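Student: Structural data only, the sequence is not supplied:
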């Protein structure tokens, strides 16, 4: 199993931000990534649908790619399906993502923290339990961002890229204004948790809106470290030298538009188009 790939999936291109962190943390490992863009965005679908998709993708990656670990690189899918995935595959190392509230508390000076995410993530029981467990440690301003993940997804490729970029900027402006004042003065939100893996790819417009002093906190690096810990504990870390290139150890699959995945992989991970493939079968 040590030579088998690590499986990663998301509703679309957002999980590439987690894949990027995994590649950095685990340079000798091979990865297979499933972008479920044909069914995106998860955050605006119900839990039953997201659970069904997550279980189907998990089975596919196990049966067809013989993965040795599975990273659910989507906050909404983690909230809806991680417990059932673990129940169905008890011997498979499984890593989910959740909004990085605990790291944000450690970083914040004002202890007033903004959280943005999809409706599916922020209304989930899993998130409510997490938030409730930390209410005495900081004040959280929680903002669902309807349409933002989809706009980021659409901003990666022509012909809609320019229009989608503007929509991303406008949505971010509207939602951050609704949340209140960001800054470093007492009472300001000095930290913003990016509670959707897609939002990492809106880092620059967020930085333009909020200024240089507000901290933006995402989940990729903690997830990568946890993946390493679980593989070490299972004795499944790949030995030997790393491949000569990232592209040699990475396979990206999609049931959506191949050109969109190719554009995102090239833009954010600097991967060639040859690493991206249209799914040959429906799951």
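Tutor: Here it is on my side, so go on. If you're wondering where the values come from, they're calculated on a predicted model, not measured in any experiment.
Student: Just checking, which helix or strand of this structure averages the lowest pLDDT?
Tutor: Lowest on mean pLDDT, DSSP states H and E among the helices and strands of the chain sits helix 148-154, with a mean of 89.
Student: helices or strands next to that helix in the packing?
Tutor: helix 161-179 (3 or more C-beta pairs under 8 Å, 6 or more residues apart in numbering; DSSP states H and E). Where you see a C-beta, it was placed from the backbone N, CA and C, and this is true even at glycine.
Student: Give the next helix or strand downstream of the helix it packs on.
Tutor: Counting by DSSP states H and E, the next helix or strand C-terminal to helix 161-179 is strand 191-194.
Student: what about residue 163, how many residues close to it?
Tutor: 12 (other C-beta atoms under 10 Å).
Student: Okay, it and residue 255: tell me how far apart.
Tutor: The gap separating residue 163 from residue 255 is 24 Å, by C-beta to C-beta, to the nearest Å.
Student: ditto for residue 172
Tutor: The gap separating residue 172 from residue 255 is 28 Å, by C-beta to C-beta.
Student: Could you look up the SS state of residue 7?
Tutor: Three-state call for residue 7 (DSSP: H, G, I helix; E, B strand; the rest coil): strand.
Student: Quick check: bridge partners of it?
Tutor: Counting by DSSP bridges, residue 7 is bridged to residue 32, residue 70.
Student: what's near enough to touch it?
Tutor: Residues in contact with residue 7 (C-beta atoms under 8 Å, 6 or more residues apart in numbering) are 31, 32, 33, 34, 58, 61, 62, 65, 67, 69, 70, 71.
Student: can you redo the residues you listed as CSV with distance to residue 100?
Tutor: What follows is those, written out as CSV (distance: C-beta to C-beta, whole Å):
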residue, distance to residue 100
31, 22
32, 25
33, 21
34, 23
58, 24
61, 25
62, 28
65, 28
67, 25
69, 21
70, 20
71, 15
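Student: From start to finish, how long is stretch 89-103 in a straight line?
Tutor: Criterion C-alpha to C-alpha, to the nearest Å; first-to-last residue distance in stretch 89-103 is 29 Å.
Student: can you check stretch 274-283 too?
Tutor: 22 Å.
Student: residues of it that come out buried?
Tutor: Of the residues in stretch 274-283, those with enough neighbours to count as buried (16 or more other C-beta atoms under 10 Å) are 275, 276, 279, 283.
Student: ok, the residue nearest the centre of the chain - contacts?
Tutor: The centroid of the chain falls nearest to residue 197 when counting by C-alpha atoms, centre = their mean (2.8 Å). Contact partners of residue 197, counting by C-beta under 8 Å, 6+ apart, are 10, 14, 15, 17, 18, 73, 74, 75, 97, 218, 219, 220.
Student: For residue 264, see how far away the first one is.
Tutor: In this view, residue 10 and residue 264 are 11 Å apart by C-beta to C-beta.
Student: which residue sits closest to residue 13 in space, ignoring its chain neighbours?
Tutor: Excluding its sequence neighbours, the residue lying closest to residue 13 (C-beta to C-beta, 6 or more residues apart in numbering) is residue 264, at 4.1 Å.
Student: let me fix that: residue 271
Tutor: With C-beta to C-beta, 6+ apart as the criterion, residue 271 has its nearest non-adjacent residue at 4.2 Å, and that residue is residue 265.
Student: and what of residue 86?
Tutor: residue 94 (5.3 Å).
Student: how deep is that neighbour tucked in, by neighbour count?
Tutor: Other residues within reach of residue 94, judged by other C-beta under 10 Å, total 21.
Student: isn't it right next to residue 73, touching?
Tutor: No: counting by C-beta atoms under 8 Å, residue 94 does not reach residue 73; the two are 11.9 Å apart.
Student: Any stretches of the stretch 151-283 of the chain with poor pLDDT?
Tutor: 158-159, 242-244 (pLDDT under 70).
Student: let's go with 80 and repeat that
Tutor: Scanning the stretch 151-283 of the chain for pLDDT under 80 picks out 157-161, 239-248, 280-281.
Student: list the contacts for residue 62?
Tutor: So residue 62 contacts 7, 70, 89, 92 (C-beta under 8 Å, 6+ apart).
Student: May I have the phi/psi pair for the third one?
Tutor: It refers to residue 89. Here is the backbone geometry of residue 89 (degrees, to the nearest 10): phi -130, psi 70.
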